[in-house]
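**Student:** Here is the input, now give the coordinates:
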Amino acid sequence: MSESYVVSIDQGTTSTRCIVFDRRGNLVAVAQREHRQHFPRPGWVEHDGLEIWRNVSKVVPRALSQAGIGADEVAAIGIANQRETTLVWDRRTGVPVAPAIIWQDTRTDTLVETLASAPGAEDVQRRCGLPMATYFSGPKLRWLLNATPGLYERAERGEVLFGTMETWLIWNLTGGPDGGLHITDVTNASRTMLMDLHSLRWHPDSLAFFGIPAAMLPEIRSSSEVYGTATAVLPGVRIAAALGDQQAALFGQTCFAPGDAKCTYGTGSFLLLNTGTKAVHSTHGLLTTVGYQIAGQPAVYALEGSVAITGSLVQWFRDQLGLISSAPEIETLARTVADNGGCYIVPAFSGLFAPHWRAEARGVIVGLTSYINKGHLARAVLEATGWQTREVVDAMNADSGLALTALRVDGGMTANNLLMQFVADVLDVPVVRPMVAETVSLGAAYAAGLAVGFWPDLEGLRRNWHRAAQWVPQMDDRHRAEEHENWQRAVEHTFGWIKSDVRTD
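**Tutor:** Okay, here's the model as predicted:
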């Protein structure tokens, strides 16, 4: 049988999905399975690494069955993953030593404060392009080594391995304890605070600063190359790409030229701007990160604005407040009112990410009066995503020296027309959604297909991109300015809620 498809595994924050794509980049089949979210303490968010691996083992065969194809028709596997999520496991048994610490988790806030004032902290941040924050993998790994008796010594001996989720999956797909490949790609490595942005290697001084044994770290590879062949789930199929989910979306949106930008609206929302082969260091609270690297070519860099809570705010509205029974209902409920009634929700559940980077911030609802009903709250939930996008775009315009002229969007929240119109209104630029909204999975597939010659070049991928929908600004300039001022005042109320002397380690 001819190899006519590429399989993408998207290991996300709330679920794992497998999508089969054909040569035109069309979605042929999809299978998805949610995993449990664990919240053992305030600010702690965990996943079960073994549950995620079991889910991968289930969704991949299911997707192939839906497509009516066998493994011999699959040219390659590409993997996209939730970034910064930190897992350590036993090399011999393949069993995690602790639950995975999720990117949203803030348990390292006190540790991060200590590290930020330690000698050498500025050098670390300059090398990695990231602020000292609870978001990234390095502090999470340091916390695990501190909190687990004997783990540091085991790490020094190479008995335990560290990885983000693509590393965990590749290791299991290629044999696990029986010779599994222990690798990561440059995009995920760039989120650890341990990699030098320019050499694309683990930096010894950064490892020493965090106290991380090199023996537990994976080998850093490019984003698009043949790493090895699967021995489990899809035996004999080449694993040929790995990217952090937001970099995968940049690739899937074919943002291959400097100045191209996209925003993915999922559990959180992430806006990336391609800056070419030069790493641009932000002075406005953005992250400098690796966008992607094709084997044998220079790395392509990006500026990124990361918003922790967007889609998960809708989930909170549904699951914790019980005001809707499904996520799509929020648009219907929000349309029962004409505006937010003066109510604003700032969802700093895990602190504030870009451009503020305030780990001590916590969420607030302001402007409540007896007039406010659940429709106003629903609208405030959606508007929070729009205003957070505006904050990131303002910072990006300032850093890049360019004014954004259009924004490509993707992710589950783009199905919400009211939200997308609001984003266009507050940005005052058109918002465009492609035909294939699953650009995270598509980007991983594209990168894998390029590595094995399934697609010949980037220009061919650009020709696959087609517009499905567009929203143009409709908001009055004066109203936009007034609402923006109200939002900024609401954000200020989130600052300083968690004090150092009342935190628990």
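**Student:** What count of nearby residues applies to residue 374?
**Tutor:** By other Cβ atoms under 10 Å, the residues close to residue 374 number 15. The C-beta positions use only the backbone N, C-alpha and C, and glycine is treated the same way.
**Student:** ok, and the closest non-adjacent residue to it?
**Tutor:** residue 323 (5.0 Å; Cβ to Cβ, 6 or more residues apart in numbering).
**Student:** Against the centre of the protein, work out the most remote residue.
**Tutor:** For the chain, the largest distance from the centre (Cα atoms, centre = their mean) belongs to residue 370, which lies 37.9 Å off.
**Student:** can you tell me how far the residue nearest to residue 277 when sequence neighbours are not counted sits from residue 359?
**Tutor:** Excluding its sequence neighbours, the residue lying closest to residue 277 (Cβ to Cβ, 6+ apart) is residue 298, at 4.6 Å. Residue 298 is 34 Å from residue 359, where distance means Cβ to Cβ, to the nearest Å.
**Student:** Residue 309 against residue 345, yeah?
**Tutor:** No. Proximity of residue 309 to residue 345 does not meet the contact threshold set by Cβ atoms under 8 Å, at 9.8 Å.
**Student:** For these two, list the residues in contact with both.
**Tutor:** Counting by Cβ atoms under 8 Å, 6 or more residues apart in numbering, the common neighbours of residue 309 and residue 345 are 363, 384.
**Student:** which stretch of helix or strand covers residue 301?
**Tutor:** strand 300-307 (DSSP states H and E).
**Student:** Show me what that strand pairs with in its sheet, parallel or antiparallel.
**Tutor:** Paired strands of strand 300-307, with direction, are strand 269-276 (antiparallel), strand 287-292 (antiparallel) (DSSP bridges).
**Student:** Centre of the chain to the following helix or strand past that strand, how far?
**Tutor:** Following strand 300-307 in sequence order, the next helix or strand is helix 311-319 (DSSP H and E). Helix 311-319 sits 18 Å away from the centroid of its parent chain (Cα atoms, centre = their mean, to the nearest Å).
**Student:** Can I get helix 311-319 in PDB? Just the C-alpha atoms.
**Tutor:** The C-alpha trace of helix 311-319 is given here as PDB (Å, rounded to 0.1, in the frame of the first residue of the first chain):
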ATOM      1  CA  GLY A 311     -10.900  28.400  27.300                       C
ATOM      2  CA  SER A 312     -10.500  27.100  30.900                       C
ATOM      3  CA  LEU A 313     -12.400  30.100  32.100                       C
ATOM      4  CA  VAL A 314     -15.400  28.800  30.100                       C
ATOM      5  CA  GLN A 315     -14.800  25.400  31.600                       C
ATOM      6  CA  TRP A 316     -14.900  27.000  35.100                       C
ATOM      7  CA  PHE A 317     -18.100  28.800  34.200                       C
ATOM      8  CA  ARG A 318     -19.600  25.500  33.200                       C
ATOM      9  CA  ASP A 319     -18.200  23.100  35.800                       C
END
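**Student:** how about it: buried residues?
**Tutor:** 311, 312, 313, 314, 316, 317, 318 (16 or more other Cβ atoms under 10 Å).
**Student:** just stretch 460-475 next, same as before
**Tutor:** Those would be 461, 464, 465, 471, 473, 475, for stretch 460-475 by 16+ other Cβ under 10 Å.
**Student:** So the residue farthest from the centre of the chain, which state does it fall into?
**Tutor:** On the three-state scheme (DSSP: H, G, I helix; E, B strand; the rest coil), residue 370 is labelled coil.
**Student:** Quick one: residues contacting it.
**Tutor:** No contacts exist for residue 370 under Cβ under 8 Å, 6+ apart.
**Student:** again with the one 10 residues further on
**Tutor:** The neighbours of residue 380, taking Cβ under 8 Å, 6+ apart as the test, are 340, 343, 344, 345, 365.
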